[in-house]
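Participant: pasting a predicted model and its sequence here:
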Amino acid sequence: MLLYGTFKAFTLPPVASADICENYRIVFFHVPAAISSFVAFTLTFIFSALFLRTENYRRDLQAVSSARFGFAMITAALISGSIWAKVAWGSYWNWDPRETFVLVLWFAYGAYFALRTSIEDYSTKARYSAIYSLFAFITVPLSYFSAKISVLHPMTSELKFDAERGMLLGIVIFAFILLYVAYFLVDSKVSEIEERVVGVNEHE
């Protein structure tokens, strides 16, 4: 699905707009990256809450795996959005509310990983980072709804795509969600195995 989406995104004809006739193609990467990051951060919030309630360290590992994917995708969304902005608005960065709130989100989850790196004791690290992630999550709905007060950034629903382009965007969004699921299942399992190996080595 990703290969098909990429191929179609580059082979569809340009739209009838002097400003974004070719630049619109980046939407097929930018929007799915942003949406999948929001999904990943939402699951990070849920797994963190479950960890605090149950003290099941598997939930902490799942929260981290989900956050890793979300952070990679929101980084991709920031970069692709800047490319769009340069063509559409003449500058890579315009301090539009949507851009600003997404940047705040990026720093919030960057701090999440910095916090985990700074604490050596695993149980303390898991608890503190889970508590922090509950507060950091507020940046996700703020980033999403900031488009409503944005002067420049359009809402996803405002994209004037025909049926072919709209369907393609839906396919790529679904593909990114599946990519998240695949990454999450593999990364969380690998993290569990690593923690078990470390635990065994510490007791030898």
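Facilitator: Perfect, thanks for sending it. Numbers count the residues shown, from 1 in each chain.
Participant: and the host helix or strand of residue 44, what does it pack against?
Facilitator: Residue 44 belongs to helix 27-54 when assigned by DSSP states H and E. Under the contact criterion of 3 or more C-beta pairs under 8 Å, 6 or more residues apart in numbering; DSSP states H and E, helix 27-54 touches helix 2-11, helix 57-89, helix 97-118, helix 122-136, helix 139-145, helix 163-202. C-beta coordinates here come from the backbone N, C-alpha and C atoms, glycine included.
Participant: quick one: closest of those to residue 31.
Facilitator: helix 163-202 (6.5 Å; C-beta to C-beta).
Participant: so which bits of stretch 111-130 are buried?
Facilitator: Neighbour counts using 16 or more other C-beta atoms under 10 Å place 112, 115-116, 125-127, 129-130 of stretch 111-130 among the buried residues.
Participant: which outside residues touch that stretch?
Facilitator: For stretch 111-130, the surrounding residues in contact (C-beta atoms under 8 Å, 6 or more residues apart in numbering) are 48-49, 51-52, 57, 60, 63-64, 67, 71, 132-133, 136, 195.
Participant: show the buried residues in those.
Facilitator: Buried among these (16+ other C-beta under 10 Å): 48-49, 51-52, 60, 63-64, 67, 71, 132-133, 136.
Participant: need these in TSV with distance to residue 12 and pLDDT, can you?
Facilitator: Output for the buried ones among the contacts of stretch 111-130, formatted as TSV (distance: C-beta to C-beta, whole Å; pLDDT from 0 to 100):
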residue	distance to residue 12	pLDDT
48	40	97
49	42	97
51	44	97
52	46	96
60	43	95
63	38	97
64	38	96
67	34	97
71	30	98
132	42	97
133	39	97
136	37	96
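Participant: now these as a markdown table including distance to residue 105?
Facilitator: Formatted as a markdown table, the buried ones among the contacts of stretch 111-130 follow (distance: C-beta to C-beta, whole Å):
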| residue | distance to residue 105 |
| --- | --- |
| 48 | 16 |
| 49 | 19 |
| 51 | 21 |
| 52 | 22 |
| 60 | 21 |
| 63 | 16 |
| 64 | 17 |
| 67 | 12 |
| 71 | 10 |
| 132 | 14 |
| 133 | 12 |
| 136 | 8 |
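Participant: thank you, goodbye.
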